[in-house]
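A.B. asks: Pasting a predicted model and its sequence here:
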2 protein chains.
Amino acid sequence: MYLGSWLSRLSRGLSRPIGKTTQPVWGSLSRSLTLGAQRIPEFSSFVARTNTCGELRSSHLGQEVTLCGWIQYRRLESVSQLRSGSSVGSAASVKKILCEAPLESVVKVTGTVISRPPGQENSKMPTGEIEIRVKTAELLNACKKLPFEIKDFMKKTEALRLQYRYLDLRSFQMQYNLRLRSQIVMRMREYLCNLHGFVDVETPTLFKRTPGGAKEFLVPSREPGKFYSLPQSPQQFKQLLMVGGLDRYFQVARCYRDEGSRPDRQPEFTQIDIEMSFVDQTGIQRLIEGLLQYSWPDDKDPVEIPFPSMTFAEALATYGTDKPDIRFGMKIVDISDVFRNTEIRFLQDALAKPQGTVKAICVPEGAKYLRKQDIAFIRDFATQHFSQEVLPVFLNAKRNWSSPFAKFIMEEERLELSRLMEIQEDDMVLLTAGEHEKACSLLGKLRLQCADLLEMRGVVLRDPALFSFLWVVDFPLFVTKEESPTELESAHHPFTAPNPSDIYLLYTEPEKVRGQHYDLVLNGSEIGGGSIRIHDAQLQRYILATLLKEDVKLLSHLLQALDYGAPPHGGIALGLDRLLCLVTGAPSIRDVIAFPKSYRGHDLMSSAPDSVPPEELKPYHIQVTWPADSEEENAAATPSKNLSS
Amino acid sequence: MYLGSWLSRLSRGLSRPIGKTTQPVWGSLSRSLTLGAQRIPEFSSFVARTNTCGELRSSHLGQEVTLCGWIQYRRLESVSQLRSGSSVGSAASVKKILCEAPLESVVKVTGTVISRPPGQENSKMPTGEIEIRVKTAELLNACKKLPFEIKDFMKKTEALRLQYRYLDLRSFQMQYNLRLRSQIVMRMREYLCNLHGFVDVETPTLFKRTPGGAKEFLVPSREPGKFYSLPQSPQQFKQLLMVGGLDRYFQVARCYRDEGSRPDRQPEFTQIDIEMSFVDQTGIQRLIEGLLQYSWPDDKDPVEIPFPSMTFAEALATYGTDKPDIRFGMKIVDISDVFRNTEIRFLQDALAKPQGTVKAICVPEGAKYLRKQDIAFIRDFATQHFSQEVLPVFLNAKRNWSSPFAKFIMEEERLELSRLMEIQEDDMVLLTAGEHEKACSLLGKLRLQCADLLEMRGVVLRDPALFSFLWVVDFPLFVTKEESPTELESAHHPFTAPNPSDIYLLYTEPEKVRGQHYDLVLNGSEIGGGSIRIHDAQLQRYILATLLKEDVKLLSHLLQALDYGAPPHGGIALGLDRLLCLVTGAPSIRDVIAFPKSYRGHDLMSSAPDSVPPEELKPYHIQVTWPADSEEENAAATPSKNLSS
């Protein structure tokens, strides 16, 4: 009985197929994932096997090995079903076990590493030159009929994958994602702890609600009416640690945010949480650049540092967003001056207003790739979400469908536009007019939509192997509340220090104050954000009480701490789930989390959240308020029925 | 202006006094804490300082340095109070700042490292040969009057320490404890991840309640009547990861347990959580021994491995507990045979019963150190807590207070007892009679009480520098329920695999089955426990449903997972807080946690848990049930009263 490629997944996760092939490449993959010059981990210490399948090579020829793992697939001639099984040693039963056990059964085999017969080598597999002459085989656990086949090319619905997460985890992609996550975090820890003297401090998750913490989960305590809150971040604790002289803190911190149903958000998530004393914005930025460069996976191109930086104002004006994807152009251009004398009415109207502008993006080869219905979709989107008019302009392309305004564009405008926007033949310009921020935001969205459309048609705009980091800085410290424009709220959080050169404005025009906040953007996604904090108690009180009208009592401990020798300090938090999602190219953050919740916050495997018997609520002095207008109303009417609903 | 030892705490935590001295030893301390042969971390990268105070040596002579930190104390001649302050550069204002700023103010100074004047060197301090000639000083933050002095020899109540935790963290001991904790955990990660290929996987804390999970905190969801639970451990997830082929899992896992008010327990705590596939009990034990040896602090004696092992039965018989402190003797001896023909009535009575035994411990020099009232206390304790008679016997000592039974001990009994228990002059024997387990348990408690008493009198029994690890194995798989002795419950948890040689007993005498469970004990404290798990779905169902009468529906996902090719697996969890508490010699686990809760579960700094306005409870469909017989009753007398019974 010989074990060849068909037992290739013995010791899952260390010998896994990639994509549609069944090549056991995890062995080499896990090697390449290990830390460059460091020693290779012993994957078989303390256990019943001598080796993982994926690590066997022709250098092991002649060795007796013991392997443990799952039966992944068989050569056609040996496909059969195992009915029952137990440990065996004889040569006859070896064949029976290995040929009759159901796929995904767990077996242990002992045998000798031998060369594959001439002609049967597979040079594409790291293990392709060898196979095992099996002496003994033991069925450790037989597998029942699976709800789906564990093959990566078999498409499963996400609901099914989440319901049987323990089976989904056997897929190559999930193994890769979770192992890579572990290794990246480990390298981050090495960088912070071993290279730069950071202290890993665990902070509580059972805490007190924060002002305006409407998105915090509550945890009832055994004291009537008293609740803990699960905090959205360790923000207060990290600042208190600085006051406490811990100096350089980090934590891979579990955070909680109850946002109800939101796609691609998780009620619990993880951030790399960092705080330092005596640091400025540049210090934090250099630290993080070094951190990402050090922990970046070896199978990707190295991270180049320092990262480029852009002000919030520039990001908005050029990309229409505070998280620009700078892997491609299509920048927003202000073309107000081109149209000072236009005859096009809606441009005239816009420019007549004090804040009026005309803006445009140039979609490369848009005339070639975009279709009439794309433009219709884009214009609809602009009307519906921004109440804005968008004008497609084909300056050099001959298109058989006309823009209603095109004929009103004068020749000198046309030439100036071409020059300003470097328009090539087949390019398309999308033009809008209105107030600066609104026009930019709209074009920022259209820029991404056009990129999606072009890529759907086969144009490569955003190289998935390219990782473009960007710092966005100089955010406003405050924004006006949408529902009450005379009131201010923090653009990020109330502990962000103002830019020193803007402090005088706090007392006159606070909305013009820039904060010492910085966001880290990767390929158009915000993966981190932080700030230099206020370390002056008086300033913090003024901002909280006078400008933000917050209840300072909830933060009295923090304000008091600032009075007692708080050092200047600042920090940052990186969203680990999002970062891993981008690094692995996963379609959702759920693919880089072992046991994620569905977008409605459910654990589909265990059915959490779940009903709780009323007697278990009693110690917490709470009871359920059943919605009055539902069927549960009747159930709530009688105590006993309460139990069953 | 010169900075000598009085600015020794610049850059707190890297230059801290020990105990009653004010020597800046943290610099060398933090060095000795760093990983043996590895590079020394850069403690001043990315920040405004060039060095930490504690690291300056005569090798830095002549260098210009910038230091940041807290003013810790001054020489007497320069004590004064600072009224206000700002950044300065002139030589005159340097002196003003450094002399007038209140203690614990934060300053930044620049100057040159020079030798101390002859005669002023302090050879006991690593920095004792140098001081700083200060050129510029900047007051970064002045400190208000503190609620207590930050000096380690100043005794504070724990309530005050917890209320101002951020100040308490500046103490040498808290800095040491938290930095050591970080480093030990980092080394554990290196061992698991880098040396042995473990994968760090984060598991959810918002989960579903487990059967019998009465100690689980609840988290209301936005669905009426549905709750998440905060799990007591990632037990289910770690097993599901094994089914998912993750093979070697670990996590520094936050766990939750709502036990109400219990001293030295925390509602959230941390465990080093480990699970492996294809492993047996020995494999886990060798892994953990290697882990502790590798991560053990350099300033302690190295850990010797393997650890000794003892069966539960032996631990009970010899030490009267399942977590023996084997640093000292006073073992329990069964002396039933000595008293077969005794005239002492209560021994006669005990031995007449089928399970009757006579047991004793020998307290070395007990006759010399223990007082009459100690014995009275011990006998009272035995009566009150165990309804047991305890007899002090002085065989060779002449004491002027007599034992009521001593005269009834016959000469041959006396000689045999002396021989069996190796009694020396001045030793005291404590003797009791009764059923084996009860007698052992009582003597196990008395053994520790006598040790406390002897140590109070100056006898060193338990060397605090000695770390005695011990495996305790072969626990029973089930115990009978106290409240209903015909029913069984798991001795540890229902996923523990039975000892293979006892499996047949499951169907006949399940109470006799031993489980593959192992506890790790350090100096008499349980610091870890684990087991080989059941990987056979049928066996798991039988134990849950038939033997334990549990509702298997709550665990259907786990049972199903075992059907789909679950590998044999096992694991362990180490209690990190307890372990650190023992390593640092801290009096409470609160001293190794940055922000612990009080024993009543309160955060005394922020006053968590806290009241929550009713409108914030609404989205979670819960309301508070105010206790009817309290003042809150009136509060409930509102329109919502009909709902709050």
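C.D. replies: Here it is on my side, so go on.

A.B. asks: Can you name the residue of the stretch 301-450 of chain A nearest chain B?
C.D. replies: Across the stretch 301-450 of chain A, the shortest distance to chain B (CB to the nearest CB) belongs to A:Pro306, at 12.6 Å. Every C-beta, even on glycine, is put in place using the N, C-alpha and C of the backbone.

A.B. asks: Tell me the secondary structure at that residue.
C.D. replies: Counting by DSSP: H, G, I helix; E, B strand; the rest coil, the backbone at A:Pro306 sits in coil.

A.B. asks: So it is in contact with A:Gln285, correct?
C.D. replies: Yes - taking CB atoms under 8 Å as the definition, A:Pro306 is a contact partner of A:Gln285 at 7.2 Å.

A.B. asks: Which one of those two is surrounded by more residues?
C.D. replies: The neighbour comparison of A:Pro306 against A:Gln285 (other CB atoms under 10 Å in any protein chain shown) goes to A:Gln285, with 22 against 13.

A.B. asks: Tell me which helix or strand the more buried one sits in.
C.D. replies: Secondary-structure element containing A:Gln285, defined by DSSP states H and E: helix A:281-295.

A.B. asks: next one: A:Ala313
C.D. replies: helix A:312-319.

A.B. asks: got the buried residues for that helix?
C.D. replies: Of the residues in helix A:312-319, A:Phe312, A:Ala315, A:Leu316, A:Ala317, A:Thr318, A:Tyr319 count as buried by neighbour count, 16 or more other CB atoms under 10 Å in any protein chain shown.

A.B. asks: As CSV, those with distance to B:Thr383 would be great.
C.D. replies: CSV is the format used below for these (distance: CB to CB, whole Å):
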residue, distance to B:Thr383
A:Phe312, 75
A:Ala315, 78
A:Leu316, 80
A:Ala317, 85
A:Thr318, 84
A:Tyr319, 81
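
A.B. asks: if we take these, which one ends up nearest to B:Asn177?
C.D. replies: Taking CB to CB as the measure, B:Asn177 sits nearest to A:Phe312 out of those, at 41.6 Å.

A.B. asks: Which residues are in contact with that closest one?
C.D. replies: Residues counted as contacts of A:Phe312 (CB atoms under 8 Å, 6 or more residues apart in numbering or on different chains) are A:Asp322, A:Val472, A:Val473, A:Asp474, A:Phe475, A:Pro476.

A.B. asks: again, but for A:Ser468
C.D. replies: By CB under 8 Å, 6+ apart, the contact list for A:Ser468 reads A:Asp325, A:Ile326, A:Arg327, A:Leu522, A:Asn523.

A.B. asks: Same check on A:Gly515?
C.D. replies: With contact set as CB under 8 Å, 6+ apart, A:Gly515 has these partners: A:Phe475, A:Pro476, A:Leu477, A:Ala491, A:His492, A:Thr496, A:Ala497, A:Pro498, A:Asn499, A:Ser531.

A.B. asks: ok, and the closest non-adjacent residue to the fifth one?
C.D. replies: Spatially, and ignoring its direct neighbours in sequence, A:His492 is nearest to A:His517 (5.1 Å; CB to CB, 6 or more residues apart in numbering or on different chains).

A.B. asks: Domain map for chain A?
C.D. replies: A:2-145, A:199-284+A:469-592, A:328-456, A:611-645 (automatic domain parsing).

A.B. asks: Out of the ones you listed, which one sits most buried?
C.D. replies: Per-stretch averages of neighbours, counted by mean count of other CB atoms under 10 Å in any protein chain shown, single out domain A:199-284+A:469-592 among the domains of chain A, with a mean of 20.

A.B. asks: Kindly state the distance between the middle of it and the middle of its chain.
C.D. replies: Its chain's C-alpha centre and that of domain A:199-284+A:469-592 lie 19 Å apart, by CA atoms, centre = their mean, to the nearest Å.

A.B. asks: And the average pLDDT for it is what?
C.D. replies: For domain A:199-284+A:469-592, mean pLDDT is 94.

A.B. asks: Same question for stretch A:312-332.
C.D. replies: Stretch A:312-332 shows an average pLDDT of 97 in the prediction.

A.B. asks: Next secondary structure element downstream of the one helix or strand A:Arg447 maps to?
C.D. replies: Under the criterion of DSSP H and E, A:Arg447 resides in helix A:436-456. Using DSSP H and E, the next helix or strand after helix A:436-456 towards the C-terminus is strand A:469-473.

A.B. asks: In terms of secondary structure, what does that next one contact?
C.D. replies: Secondary-structure packing of strand A:469-473 (3 or more CB pairs under 8 Å, 6 or more residues apart in numbering or on different chains; DSSP states H and E): helix A:281-295, strand A:309-311, helix A:312-319, strand A:517-522.

A.B. asks: OK, now which residue of the stretch 201-350 of chain A is nearest to chain B?
C.D. replies: Counting by CB to the nearest CB, the stretch 201-350 of chain A gets nearest chain B through A:Gly244, at 2.9 Å.

A.B. asks: can you give me the end-to-end distance of stretch A:414-427?
C.D. replies: 13 Å (CA to CA, to the nearest Å).

A.B. asks: tally of neighbours for the closest residue in space to the residue of the stretch 201-350 of chain A closest to chain B that isn't next to it in sequence?
C.D. replies: Leaving out its chain neighbours, the residue that sits closest to A:Gly244 by CB to CB, 6+ apart is B:Leu169, at 2.9 Å. A count of nearby residues for B:Leu169, using other CB under 10 Å, gives 26.
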